[in-house]
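Visitor: quick one, what's the 3D model for this:
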Amino acid sequence: MHRIPKILLSGIASVALALTVGIGATAPAEAASKCTTALKSYGHVQKGSKGKSAKAAECLLKAAGYKGIKTNGKFSATEVKAVKKFQGKVKLSKTGHVNKSTWVALLSRGSKPTLKVGKKGSAVKRLQSALTASGRKVPTTGYFGPITRDAVKSVQRSQGWKATGKATAGVWRALQAGAAVKVKASKPKKKKKSSSSKSSSKGAKALEFAKKQIGDRYSYGGDGPSSWDCSGLTQAAWRKAGIKLPHSAGGQFRKGKKVSKSNLQKGDLVFFYSGISHVGIYAGNGKVLHASRPGKPVGYIKMKYMPYEGARRY
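Guide: Next comes the predicted model:
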């Protein structure tokens, strides 16, 4: 075996030592670049502030899109300017200090998902951090449990709302305004009734009226209150639903919206015989309720027993 000169061994050891120092030097720098915004408490941050709270504020400002922010835990004049801009945006006093309200607004910034007990994820963590900053101590677990629910209830009560414990868009808006001002609770949007549902509702009223006339006698030209002809009955039924129709089967056929036989709803008017000489009100299951002929009282009949000509909805 060849002997390695001492000078060469010394050189190898020096290189190894240099590599070790180099690796050790990069590790703290990498750790320092990581942003942690979930703290157990949030201290007041202003120009010259240092530490975890200062760095968390820098991280949040950078995430909000403000330029020139250095996440080094040393709060500078650049960060102060960014804070003022953010405070102006959310309508807080432009102090340049990251105070309680500013912390809450920064931490809750973003989307407004509805959260309740059992929910998990980053949105829950964001909510929990904002609640903690507001003075309600909530562990940042990412799980929406009883502690988070109770803290949300506290926010709702402070706003004068019903305390449901569910984090709705209204709760988010309160937090994003700093939780120190009153905001209007978000109301669930009322679903607009479609034209078909409105027609269905009116048709149900018309049919209900016609049902009350079952057993009344037929009379030509009859329009109530105790005797009817076919179009007199359907005219009165739809008048009860707020729709004016002429007293003739042909005239009623020329009104309203055409409806296919396969799409009939209760209350639709169904017309029979060539030349449109008879009308009844659809009652479901292939039946119409009608005033048919002298000697025959108002009642039901299956549509298949008469020649179908069309249907209308009003």
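Visitor: nearest spatial neighbour of residue 96, skipping sequence neighbours?
Guide: Once flanking residues are discounted, residue 96 sits nearest to residue 80: 4.1 Å by CB to CB, 6 or more residues apart in numbering. Every residue, glycine included, has its C-beta placed from N, CA and C.
Visitor: helices of the protein, start to end?
Guide: 6-33, 52-63, 77-89, 100-108, 122-133, 146-158, 169-176, 195-211, 230-240, 249-253 (DSSP state H).
Visitor: which elements pack onto the fourth one?
Guide: The contact analysis (3 or more CB pairs under 8 Å, 6 or more residues apart in numbering; DSSP states H and E) places helix 100-108 against helix 52-63, helix 77-89, helix 122-133, helix 169-176.
Visitor: hmm, try it at 7 Å
Guide: Under the contact criterion of 3 or more CB pairs under 7 Å, 6 or more residues apart in numbering; DSSP states H and E, helix 100-108 touches helix 77-89, helix 122-133, helix 169-176.
Visitor: can I get these in CSV including mean pLDDT?
Guide: Conversion of these to CSV gives the following (pLDDT from 0 to 100):
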stretch, mean pLDDT
helix 77-89, 96
helix 122-133, 96
helix 169-176, 95
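Visitor: nearest to residue 96, of these?
Guide: Nearest to residue 96, of all the helices and strands packed on helix 100-108, is helix 77-89, at 4.1 Å by CB to CB.
Visitor: so what touches the closest one?
Guide: When contacts are defined by CB atoms under 7 Å, 6 or more residues apart in numbering, helix 77-89 is touched by residues 47, 57-58, 61, 64, 66, 68-69, 93-96, 98, 102, 106.
Visitor: which two among those residues are spaced furthest apart?
Guide: 68 and 93 (22.9 Å).
Visitor: check the contact between residue 104 and residue 178; I expect there is one.
Guide: Yes. Assessed by CB atoms under 7 Å, residue 104 is found in contact with residue 178 at 5.3 Å.
Visitor: so the two - more neighbours on which side?
Guide: When residue 104 and residue 178 are compared for neighbours, residue 104 comes out ahead with 28 against 24, by other CB atoms under 10 Å.
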